[in-house]
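Participant: Build me a structure from this.
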Amino acid sequence: SMSYFLRLTDGTKEAEIAVSLASTADALCAVVASVFPGRGLPRSVAVGPQVFPLDPLILQEHAAAAKNEEAWKVLFVPETFLHENSDTKAEEEEDPLLPKGLTPWPETRALLWSKFAFWWMNDIVHKGYKEPLQDGDLFQLDPSDSSEASFATFEVEWAKELEKEKPQLWKALMRAFGKLWGLMGLYKLLSDICNLTLPILLGVLLWYLTTDYSTWWGLFIACGFFVIPTVASVSINQYFHGCFRTAVRVRAALICMVYKKSLRMSSQAKAGYTTGKIVNLMSTDTQRLHDTIQFLHQVWSAPFQLIIAMILLFILVSLGAIAGLLVMVMMIPFNMVLTRMMMKLRRKSIKLTDERVKLGNELLQGIRAIKFNGWESSFYDIVSVVRKKELVALLWLNLLGSTMYIVMMIMPLMVAVATFTTYGIMYAIVGNSLRQEISIFGWYTWILFDFQLTPAVAFTSLALFNVLRFPLLMLPSIVSQLVDCRASLIRLADFFLA
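Facilitator: Predicted coordinates for the structure are as follows:
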């Protein structure tokens, strides 16, 4: 076997990691450091009275002899010891695990406010503003984001999944990388709440301008217009940062797994997978998962924003909100038809891409015979026919995508027109005869079926319609991405199980 498992502990928690015999001692140290962050640099493990270095080949012999019955304790070199025993500032900042000339990833040592404001990026941004950045100016990748650490984490979870009757690739990915991704959902929820609060705050401001309440209320509202957008901005940026990191880890782990599997496949299993198909798995399918993970929280976030915004609109414009809701419901079948057509074209384009890549590989393998016999034009025609079919499918796919984008962009305008038109018609027909005042907790009065269009109602409603724009735009897109993601997961799982 080209890999084995180790159970390690730092004294407080245990973890099982997969060790590849092809990896180096430094790579293994980086993986252990990512599993036990903040403890220093791991250099050896203790098994009873014996101490062994963190070397994949040395540890394999002792792991096989001991059968790994109990967790081995990791011995760390504290960072303070390294700093105190450095002679110069350059030596003090140098990490022996990093290539010379590269700065360690600064986010791990940044303060909390620096992480929220991305202040740790200032140095490289300022340097890039003054002069073009070189390779030596970039940061060393965070050990937890390295391909070694990502692949080791995923390999452990996939090995557990293989013990089940029906292994599920998405479950292994969720256990391996779902913790950070799930935490980012809290940031997204906080950002959505802030975005939905701003229209309400705008309505409160317009209401305050028509009253004689104390100036302190105005100061409180002004502070709200500063605090709420700030919290929303920090939350959404942390959300995207965490989701992008998760997507990078997933893509790196899957590419490593595809590469490892392709080297260990039997000749019988390889018969169904050409080189072009394997390359397509490593490039196209992993990229689809990478793109989907970044916006996967929109599956619950978009409906959440739509429901809350429609409830607020019903409170503001009562029956007018129902007209706007009907417009959105009427657009659902149209979007579903577009989505199904895009799904069919996507599957067709994938098959054509695989066929074109296969033809290209066969052409390159037999290039000598083709050049010797002068068959260039014949093979060019064969590849061109497949390529033209692929381009036609991609053209229609982009046209349908553009149509869906245009519909989603004008939908908030259509909803606003339907809402205010109904609101005005109801005021012309019934006036305020249906007006109802409902007292809530004795301090707030909710006025229902008041069809008088005031600045507070108009501008607050328009702000809520603006909030609806992004979820309406993302919901059909994420549905299409989920379909592509499911197809890619099936293709990758079939390859891993071959």
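Participant: Please make it C-alpha for all contacts and neighbour counts, starting now.
Facilitator: Fine.
Participant: Pull up the gap between L453 and P199, please.
Facilitator: Counting by CA to CA, to the nearest Å, the gap from L453 to P199 is 16 Å.
Participant: Neighbour count for those two, which is higher?
Facilitator: P199 (23 against 14; other CA atoms under 10 Å).
Participant: taking the mean pLDDT, what do you get for the helix or strand harbouring the more buried one?
Facilitator: In the assignment (DSSP states H and E), P199 maps to helix 169-209. Average pLDDT, helix 169-209: 90.
Participant: and the helix or strand immediately after that helix in the chain, how far from the chain's centre?
Facilitator: Sequence order places helix 215-264 as the next helix or strand after helix 169-209, per DSSP H and E. Counting by CA atoms, centre = their mean, to the nearest Å, helix 215-264 is centred 8 Å from the centre of its parent chain.
Participant: And stretch 284-292, by the same measure?
Facilitator: 10 Å.
Participant: tally of neighbours for G11?
Facilitator: 11.
Participant: residue contacts, G242?
Facilitator: 180-181, 184 (CA atoms under 8 Å, 6 or more residues apart in numbering).
Participant: And for I17?
Facilitator: With CA under 8 Å, 6+ apart, I17 has these contacts: 5-8, 152-153, 156.
Participant: L482: which of these is nearest?
Facilitator: Among those, T153 lies closest to L482 (CA to CA), at 24.1 Å.
Participant: quick one: least confident helix or strand in the chain?
Facilitator: Across the helices and strands of the chain, mean pLDDT, DSSP states H and E gives its lowest value to helix 89-93, namely a mean of 40.
Participant: sec struct for M409, please.
Facilitator: helix (DSSP: H, G, I helix; E, B strand; the rest coil).
Participant: What are the boundaries of the strands in the stretch 301-450 of the chain?
Facilitator: Under the criterion DSSP state E, counting those that start in this stretch, the stretch 301-450 of the chain contains strands at 436-440, 444-448.
Participant: got a list of contacts for stretch 402-419?
Facilitator: Under CA under 8 Å, 6+ apart, the answer for stretch 402-419 is 317, 320-325, 327-328, 335, 338, 462, 465-466, 468-469, 472-473.
Participant: CA atoms only: put stretch 365-376 into CSV for me.
Facilitator: Only the C-alpha atoms of stretch 365-376 are listed here, as CSV (Å, rounded to 0.1, in the frame of the first residue of the first chain):
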residue,chain,number,x,y,z
GLN,A,365,-0.7,9.9,-30.1
GLY,A,366,-0.7,9.1,-33.8
ILE,A,367,0.7,12.4,-35.1
ARG,A,368,3.7,10.8,-36.8
ALA,A,369,1.5,8.5,-39.0
ILE,A,370,-0.9,11.5,-39.7
LYS,A,371,2.0,13.7,-40.8
PHE,A,372,3.7,11.0,-42.8
ASN,A,373,0.5,10.1,-44.8
GLY,A,374,-0.7,13.7,-45.1
TRP,A,375,-4.0,13.1,-43.3
GLU,A,376,-4.0,16.5,-41.5
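Participant: Excluding sequence neighbours, find me the nearest residue to W170.
Facilitator: Excluding the flanking residues, the one nearest W170 by CA to CA, 6 or more residues apart in numbering is L489, at 7.2 Å.
Participant: Likewise for F420?
Facilitator: Counting by CA to CA, 6+ apart, the residue nearest F420 is G320, at 6.4 Å.
Participant: Now do the contacts for the one you found.
Facilitator: 314, 418-423 are the contacts of G320 under CA under 8 Å, 6+ apart.
Participant: Please report how far it lies from Y423.
Facilitator: 5 Å.
Participant: how far away is L391 from T275?
Facilitator: The value you get for L391 to T275, if CA to CA is used, is 22 Å.
Participant: What separation is there between the residue nearest to F244 when sequence neighbours are not counted and S144?
Facilitator: Spatial nearest neighbour of F244, chain neighbours left out: Q294 (5.7 Å); criterion: CA to CA, 6+ apart. For Q294, the distance to S144 (CA to CA) stands at 18 Å.
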